[in-house]
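Engineer: okay, structure incoming, though there's no sequence with it:
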Ligand code: FPP
Ligand code: MG
């Protein structure tokens, strides 16, 4: 996104406010807690969820200035996201995220479990400060959904019979639901119409699915130094992702071979098989299809500078890296 345009400058300024809301809220009377939270600096990324919340709000609101409640909501969704990353890295036994050491590898699993819990409870506490029950309800629902998504994923490890519908449900729940809720919260706080709120929520859902499919492809094909996190972790943890599932749907006779490959975590053999059966290019096609659906859905209902920025963000997912 071009941060020199008026909307880019607006967004950068808003994200600074959101970061301040978060860092103020994470200050604790115990210096040990503040110090552990300080380790989270390396986890800060593009702030995708606050970004889509702010742009969704702006795309429907007639307000000139951003209300505090909107900045708080943006901080809340980022805190939830950080909590999920800290816990996810424990589950995945990951030592690297965004090119830096993970909390679990730096401080151990016990501190990482507690930091994730602290971030989660901080998010709910921060949300409660704005006294908007609708926002609290949405937050409770989405957090519940993403935990359930992770539980289902855990229970389907190494299951070569995992069907497409179940995979889509898992990635919707564990990843897309929070991006969808971020858009929905923004639209709701901007007092968008029912139609606008629905369109933005669906936009977030499709973008979130595309985002996770791409993340899954990169886990299969990417290199640690480039993606800034361990590669092949899905394979190590027995997570079946879109390319493998589509390949098995099209070629059920490969199930035994895939089971063997997964047992040996043989990434090179799996990658060769996925390329030769066209499963990788079909997964990239799915990313494009979802991004296009996301853009069309929003364009039908809203057309202004903010919605265009949302669509431009979605289009970035179509690049091959
Ligand atoms: C990323 O998966 C994982 C998520 C988006 C959700 C993780 C959720 C939990 C661990 C549940 C805990 C929830 C709370 C609220 C504390 P990935 O491993 O495919 O992504 P990665 O490649 O970025 O690691
Ligand atoms: Mg992970």
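Structural biologist: Yep, that arrived. This is a predicted model, so every value here is computed, not measured. Ligands and ions are numbered 1, 2, ... in the order given.
Engineer: only C-alpha atoms for contact and neighbour calcs from this point on.
Structural biologist: Fine.
Engineer: up against ligand 1, what does the protein have?
Structural biologist: Residues of the chain lying close to ligand 1 (Cα under 6 Å from any ligand atom) are 80, 83-85, 87-88, 116, 120, 143, 146-147, 150, 174-175, 215.
Engineer: now a PyMOL select for only the buried ones of the residues you listed.
Structural biologist: Burial among the residues of the chain next to ligand 1 is assessed by 16 or more other Cα atoms under 10 Å; the matching PyMOL selection reads:
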select buried, resi 80+83+84+85+87+88+116+120+143+146+150+174+175+215
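Engineer: return the subset of the residues of the chain next to ligand 1 lying in helices.
Structural biologist: 80, 83-85, 87-88, 116, 120, 143, 146-147, 150, 215 (DSSP state H).
Engineer: rewinding a little: among the residues of the chain next to ligand 1, list the two that are farthest apart in space.
Structural biologist: Farthest-apart pair in the residues of the chain next to ligand 1 is 120 and 215; separation 23.4 Å (Cα to Cα).
Engineer: got the contact list for the helix or strand hosting residue 112?
Structural biologist: Using DSSP states H and E, the element containing residue 112 is helix 109-128. Applying Cα atoms under 8 Å, 6 or more residues apart in numbering, the contact partners of helix 109-128 are 25-26, 36-37, 72-73, 75-77, 79-80, 82-84, 86-87, 90, 103-104, 135-136, 139.
Engineer: which parts of that helix are buried?
Structural biologist: Applying 16+ other Cα under 10 Å to helix 109-128 flags 109, 112-113, 115-120, 122-124, 126-127 as buried.
Engineer: next up, the contacts around residue 275.
Structural biologist: So residue 275 contacts residue 281 (Cα under 8 Å, 6+ apart).
Engineer: OK, now which residue of this protein is nearest to ligand 1?
Structural biologist: residue 88 (3.9 Å; Cα to the nearest ligand atom).
Engineer: what's the angle between the helix or strand hosting residue 136 and helix 109-128?
Structural biologist: For residue 136, the host element (DSSP H and E) is helix 133-155. Per axes from the mean of the first three to the mean of the last three Cα atoms, to 10 degrees, the angle that helix 133-155 makes with helix 109-128 is 150 degrees.
Engineer: can you tell me the closest non-neighbouring residue to residue 249?
Structural biologist: Take residue 249 and drop its neighbours on the chain: the residue closest to it by Cα to Cα, 6 or more residues apart in numbering is residue 163, 7.9 Å away.
Engineer: residues near residue 140, how many?
Structural biologist: 12 (other Cα atoms under 10 Å).
Engineer: which ones are touching it?
Structural biologist: Counted by Cα under 8 Å, 6+ apart, residue 140 has zero contacts.
Engineer: going forward can the numbers begin at 242, since that is how I track them
Structural biologist: Sure thing, new numbering starts at 242, so read that last one as residue 381.
Engineer: for the stretch 442-562 of the chain, which spans come out with low pLDDT?
Structural biologist: Where the stretch 442-562 of the chain drops to pLDDT under 70, the residues are 561-562.
Engineer: all helices for the stretch 392-541 of the chain, in order.
Structural biologist: With DSSP state H, counting those that start in this stretch as the criterion, the stretch 392-541 of the chain has helices at 405-412, 418-430, 435-462, 465-468, 474-477, 483-491, 496-504, 508-517, 520-540.
Engineer: can I get those in a markdown table including distance to residue 247?
Structural biologist: Formatted as a markdown table, the helices of the stretch 392-541 of the chain follow (distance: least, Cα to Cα, whole Å):
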| stretch | distance to residue 247 |
| --- | --- |
| helix 405-412 | 34 |
| helix 418-430 | 20 |
| helix 435-462 | 22 |
| helix 465-468 | 31 |
| helix 474-477 | 40 |
| helix 483-491 | 39 |
| helix 496-504 | 49 |
| helix 508-517 | 43 |
| helix 520-540 | 21 |
